[in-house]
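Chemist: Got a predicted structure plus its sequence, pasted below:
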Amino acid sequence: MSREVSTKISPVETIESLAKEAEQLKIKLEDERQKLNDVTLATVADRLEIINYMNVKPRRTLKGHQAKVLCSDWSPDKRHIVSSSQDGKMIIWDAFTTNKEHAVTMPTTWVMACAYAPSGNLVACGGLDNKVTVYPLSLDEDVTLKKKTVGTHTSYTSCCTFPNSDQQILTGSGDSTCALWDVESGQLLQSFHGHAADVMSIDLAPSEIGNTFVSGSCDKMVYIWDMRTGQCVQSFEGHESDVNSVKFHPSGDAVATGSDDATCRLFDLRADREVAVYSKESIIFGVNAVDFSVSGRLLFAGYNDYTVNVWDTLKCVRVCLLYGHENRVSCLQVSPDGTALSTGSWDCTLRVWA
Amino acid sequence: ALNLANQLCQYGYFFPVSDTKNLTVKDDSSLYRFQSPYYWPWQNRPPDNVEYAIYLAKRTLRNKQRHGLEDYELEALGNLRKNLANKWDFITMQAEEQVKLAKVLKKGDKIVSDSQERAYWRVHRPPPGMVSSLEQCPVPTRCRNGSRVRKRTIEDCKREVELLKNSLLRTRVKVSQALESMVQHVETYAEYDPLIVNTQPSNPWVSEDITYWQLNSPLVEIPTEKRVRRWALSMEELVSDPTGIQEFTNYLRKEYSHENIRFWMAVNDLRRSSQSQIQRKVSEIFEEFLAPGAPCEINIDGKTMEKVHQEMKSPSRFTFDAAQEHVYTLLLKKDCYPRFVRSEHYKSLLAAGIQPSQKKRFFGFGPTKKKASTSSAPNPSLLQQQAPQGTMVSCGGALAKRRGSDRSLSGSAHELAIAGVRDTRVPHSHSQSNLSDIPYRAEVNDEYGGTDPESACRVKKPSVAVVASVSTSEDVCPWESAPEPRSRKNSSQLDSCSSSSDISAAVTEVSDRFRRTCGITQQNTLDGDRRGQSSRKLSTASFVEQRRASVSVPIRHTDIRPAVSSFEESSPAIVTAPVSPAVASDTDNKTEEFTSTKTFKKSSSLTKTCSVTGANAPIISVSSVTDDTVTDPNEQKEEDEPEASCSQPLAPLAEPDAESPGSEIPPEPEPSPDPEAKSNDVCPWEDEETCKVDAPFVKTYATLGYL
């Protein structure tokens, strides 16, 4: 709704008329969606057994960052983690042994995004420098020697990921766009316009051949994009505040979101609507990160109140609460094979839970 | 509660009275004071620097002792004075004013308000190194309150309208339908979710044991049974697993229709290539798969072909999307994939699949123990075990160490050799057991104790073990025909171990040992009844053994060289390559085994081999064996190349190589087993292989007992 308000303020005549049209279309769309809304997720999931026992405990603590951990990503080898921090450092950990294998100092603080390439030989990161930079990993030499700036946004880089390839990087930025870059040449392959505010998070569709990704933004919207055409193919609204995190369901047919409005939501792509809200009266802090377990049954969500809540996605109830961090949980990710969960926090540590 | 209190404290709702440095709540009787509501964070916007400057200036005006500034505060004051130079007069005035006001207050109030103020600033201007929960993200455009939606342009609006129109036209399914399928998906995959069900054998993060990762590394020769089952869930599952795609391609290759999957993979690769390579790759793909008379022409309909030709005019990473889609949905997904899942190939994979859990159940102590040692520190543990076993052993250990862990076997071979030289019974057993570690010995004993199950299992084995055994007995020639399924598995077993071994050298060593023991424990497996569900490695181990048997036949007959080369000829493709080294290693194993025929150990792992030897014994002469082994390395080297070209087998190379040097030496002890073997009747053994009769096994046993 806020988007409408803002458009009405703008002086140009055509914008107003277009906004009006959009408004009407939205109402129609809502009607259409409502027609097919015949059942709730909780009722469908009624036949399932409740998960009442979760033996998830902290297994590793990775200490070494000097400031808030802002982002982390698992290596495809299932045991390494790359993490970036507010102090401008990026550290590559062997999480299994808790050893640090590389520490890279970035020219800026607030390295808000980092990602491992599918080959495991490359990491990318970016932040307030508005750039995305790749570092080939090698044990012999200083990794900063071979660093390469791939893309530049007009605002900070909030998130980045490799779309099933070492040759491309997909980034989301504070300039409210997402962009696909060619690593080798630094060429902009595709840009994605549509969000009205900072893009906070992106996630690729799980399918190998999938050409879509999802983005969440401070305009409270969630968009699904076609990487090939650069067009938005689907949009979801419902959140009442910034969408901080988005994640595809492992089936590829739904996305989960976490927002500053203290809720997580599930949007189904085929039903084209919100199908679940994960919230509790006692949970009043914003969500910074969400991720699914490999089956999609569990949704892990990291909150500003230092906790990780584990939701049963189908029954829409909280399964358990993981407490251990001493400050906000800023990032969270389930390992590629689903054996563990990593969390990063403003308390300067990362933890691995299993 | 502590957490909550800590948060409240850090957000500045209350603060410790005595401790002016920290903002944490401790669970003791220290006192805390509530912040005055005026300073609560939600009351006011983040404070600006002017206020901070006033506060600092105020403190400079007062009693140095009580209100002295910290270093960082002094620094901040200096900076502020520079930055706010134009306002500095105002700031000092304000500060003086406030100090005057403060003097009016009663002393108690003064202390309270001072401390409150101080705590407030400690929250909002924390000393360096302290994390502030209230610190704003310094991101320019991301301001907290409103005005964050940027001005919209006509394009934005048009885009939105367009999007909304499109989404109106979108076909959507009923919520119930969508949800039902989601629930089903989750139900299907629940068993593959390590955070919901327990992983087998164990979750590495919990047990510190990385076997799970070794078994499930991206490319393995023998995937776990669970993994194979997962391939049947959907085509996507299959093609997202490198091993899956490999098996699928192998299967299609046998059907001469693998061009489809290859095309599909090539297009996938194209889509993700870097920009500079697009042109080249497009034309390559076209030449290989689509051009008329192309070497691997794929079969697509005219319409799609036309599309491709059109796209070819402006090659891009998406040029072949239509064709790929066609191949994927129509040919691969609707045709090849279902056939694959129903095929014998798939079924045999499934049957051969490793089942980590079962193994545990059957042989709780042996393998598990070994794994434990793997996870922690394999080398030390190994050495430790070796230590008490006398000089010879330690020497062997040293050897193993020196040669690098991936060659541990070679080290062990040396040990063996040494042992052989000494030619005393006890050392033999020691060195042997030492090789394969204590658990292994335990198994052996165990095994030895129970001959019955063993023989029983024997009977079962042939039935399970693909075609293998039949050919074995017959002679050299059948070998050629037989190898495919069997050898594959065998070699793959080696591979799987070794592939997992890249993870770390140490691991390699262990896995080698592991493989060994596998071979050894094979009987255990067997007695565990491995009909339908072969248990984990053990099943493969059994294959190995079988291979061993089969291999040994030709080898013993003449000498290795012809034999090996015949392998090469017989199966020139991928399959062969790994086989032959495996074979070689087998021989080595055998020789080693020979050395130790007298010991328990032999009895366990070797029962089979032993029997084989028994059969062949008459033909073998010690010298021939030596020859074999000597030639071995060469042969293996020759095979290196083919191997390299095939999927994995680099690691296995190391193994046979490592072993062979050892095997050169063993002849000395060998004679002793030989005669014994001879004493064993040849014919019954052959019987055993072909007819799968109990009796010969018993016979073998008798031999063993005799030994």
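Modeler: Received, thanks.
Chemist: who touches A:G296 in this structure?
Modeler: The neighbourhood of A:G296, defined by CB atoms under 8 Å, 6 or more residues apart in numbering or on different chains, consists of A:H249, A:P250, A:S251, A:T313, B:M182, B:H185, B:V186, B:Y189. No exception for glycine: its C-beta is placed from N, CA and C like everyone else's.
Chemist: again, only this time at 6 Å
Modeler: A:H249, A:P250, B:V186 (CB atoms under 6 Å, 6 or more residues apart in numbering or on different chains).
Chemist: Quick one, grab the pLDDT at it.
Modeler: The predicted structure scores A:G296 at 92 on the pLDDT scale.
Chemist: Next one: A:W346 from B:E247, what distance?
Modeler: For A:W346, the distance to B:E247 (CB to CB, to the nearest Å) stands at 46 Å.
Chemist: and these two? which has more neighbours close in?
Modeler: A side-by-side neighbour count of A:W346 and B:E247, using other CB atoms under 10 Å in any protein chain shown, places A:W346 first with 24 against 20.
Chemist: Contacts only, for the more buried one.
Modeler: Taking CB under 6 Å, 6+ apart as the criterion, A:W346 is in contact with A:K68, A:N327, A:R328, A:S330, B:V131.
Chemist: ok, which residues in the stretch 201-350 of chain A are in contact with chain B?
Modeler: The interface of the stretch 201-350 of chain A toward chain B, taken as CB under 6 Å from any CB of the partner chain, is made up of A:208, A:218-219, A:228, A:232, A:251, A:268, A:270-272, A:293-297, A:314, A:338-340, A:346.
Chemist: Which among the residues you listed count as buried?
Modeler: Buried members of these, scored by 16 or more other CB atoms under 10 Å in any protein chain shown, are A:218-219, A:228, A:232, A:251, A:268, A:270-272, A:293-297, A:314, A:338-340, A:346.
Chemist: which regions of the chain lie under the pLDDT threshold?
Modeler: I'll assume chain A. Scanning chain A with the threshold set as pLDDT under 70 gives A:1-13, A:208-209.
Chemist: My question was about chain B, not that one.
Modeler: B:1-3, B:6-49, B:60-71, B:85-86, B:105, B:107, B:122-152, B:357-707.
Chemist: repeat that for 90
Modeler: B:1-180, B:187-188, B:190-204, B:206-230, B:232-242, B:245-247, B:250, B:252-336, B:338-707 (pLDDT under 90).
Chemist: Endpoints of stretch B:159-177, how far apart?
Modeler: Using CA to CA, to the nearest Å, one end of stretch B:159-177 lies 31 Å from the other.
Chemist: That one vs chain A: in contact?
Modeler: Yes. Looking at stretch B:159-177 against chain A by CB under 6 Å from any CB, the contacts come from B:R159, B:E160, B:V161, B:L163, B:L164, B:S167, B:L168, B:R172, B:V173, B:K174, B:V175, B:S176.
Chemist: Wait, a helix at B:L164?
Modeler: Yes. Secondary structure assignment places B:L164 in a helix (DSSP: H, G, I helix; E, B strand; the rest coil).
Chemist: how many neighbours does it have?
Modeler: Here the neighbour count serves as a burial measure; for B:L164 (other CB under 10 Å) it reads 18.
Chemist: So for it, what's the nearest residue that isn't a sequence neighbour?
Modeler: Ranked by CB to CB, 6 or more residues apart in numbering or on different chains and with sequence neighbours excluded, the top spatial neighbour of B:L164 is A:L25, at 3.9 Å.
Chemist: Drop anything exposed from the contacts of A:G296.
Modeler: When the contacts of A:G296 are checked for burial by 16+ other CB under 10 Å, the buried set is A:H249, A:P250, B:V186.
Chemist: Now for the last one: which residues touch it?
Modeler: With contacts defined as CB under 6 Å, 6+ apart, B:V186 is in contact with A:S295, A:G296, A:R297.
Chemist: go with 10 Å
Modeler: A:45, A:48, A:249-251, A:292-293, A:295-298, A:312-314, B:193, B:196 (CB atoms under 10 Å, 6 or more residues apart in numbering or on different chains).
Chemist: that older thread, so the residue nearest to B:L164, which of the three states?
Modeler: Classification of A:L25 into helix, strand or coil gives helix, according to three-state DSSP.
Chemist: doesn't B:S167 make contact with it?
Modeler: Yes. With contact defined as CB atoms under 10 Å, A:L25 counts as touching B:S167 (8.3 Å).
Chemist: Tell me how many other residues crowd residue 263.
Modeler: Unless you meant another one, I'm taking chain A. Each residue near A:T263 was counted by other CB under 10 Å, and the total is 21.
Chemist: ah, I was thinking of chain B
Modeler: 25.
Chemist: that older thread, can I get the contacts of A:G296 in JSON lines with distance to B:K103 and secondary structure?
Modeler: Output for those, formatted as JSON lines (distance: CB to CB, whole Å; DSSP: H, G, I helix; E, B strand; the rest coil):
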{"residue": "A:H249", "distance to B:K103": "65", "secondary structure": "coil"}
{"residue": "A:P250", "distance to B:K103": "67", "secondary structure": "coil"}
{"residue": "B:V186", "distance to B:K103": "69", "secondary structure": "helix"}
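Chemist: Just name the closest of those to B:L219, please.
Modeler: Looking at the contacts of A:G296 and their distance to B:L219, the nearest is A:P250, at 22.3 Å (CB to CB).
Chemist: What's the end-to-end length of stretch A:282-297?
Modeler: The first and last residues of stretch A:282-297 sit 22 Å apart, counting by CA to CA.
Chemist: Off-centre distance for it?
Modeler: Here the centre of stretch A:282-297 is set off from its chain's centre by 11 Å, with CA atoms, centre = their mean, to the nearest Å.
Chemist: Among the contacts of B:V186, name the ones in strands.
Modeler: Those of the contacts of B:V186 mapping onto strands are A:F292, A:L298, A:D312, per DSSP state E.
Chemist: Which of these sits closest to B:L290?
Modeler: Using CB to CB, the shortest approach to B:L290 within the ones in strands among the contacts of B:V186 belongs to A:F292, at 38.9 Å.
Chemist: follow-up on the earlier one: let me have the ones in strands among the contacts of B:V186 in a markdown table, extended by distance to B:R81 and neighbour count.
Modeler: Listed next are those as a markdown table, based on distance: CB to CB, whole Å; neighbours: other CB atoms under 10 Å in any protein chain shown:
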| residue | distance to B:R81 | neighbour count |
| --- | --- | --- |
| A:F292 | 53 | 27 |
| A:L298 | 55 | 27 |
| A:D312 | 57 | 22 |
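Chemist: Distance to B:M265 added to those, as a markdown table?
Modeler: Converted to a markdown table, these look like this (distance: CB to CB, whole Å):
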| residue | distance to B:M265 |
| --- | --- |
| A:F292 | 27 |
| A:L298 | 33 |
| A:D312 | 38 |
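Chemist: Closest to chain B out of those residues?
Modeler: Lowest distance from chain B to the ones in strands among the contacts of B:V186 (CB to the nearest CB) belongs to A:L298, with 6.1 Å.
Chemist: give the contact list for the closest one.
Modeler: By CB under 10 Å, 6+ apart, the contact list for A:L298 reads A:51, A:54, A:56, A:291-292, A:310-314, A:319-320, A:334, A:338, A:341, B:186, B:190, B:193, B:195-196.
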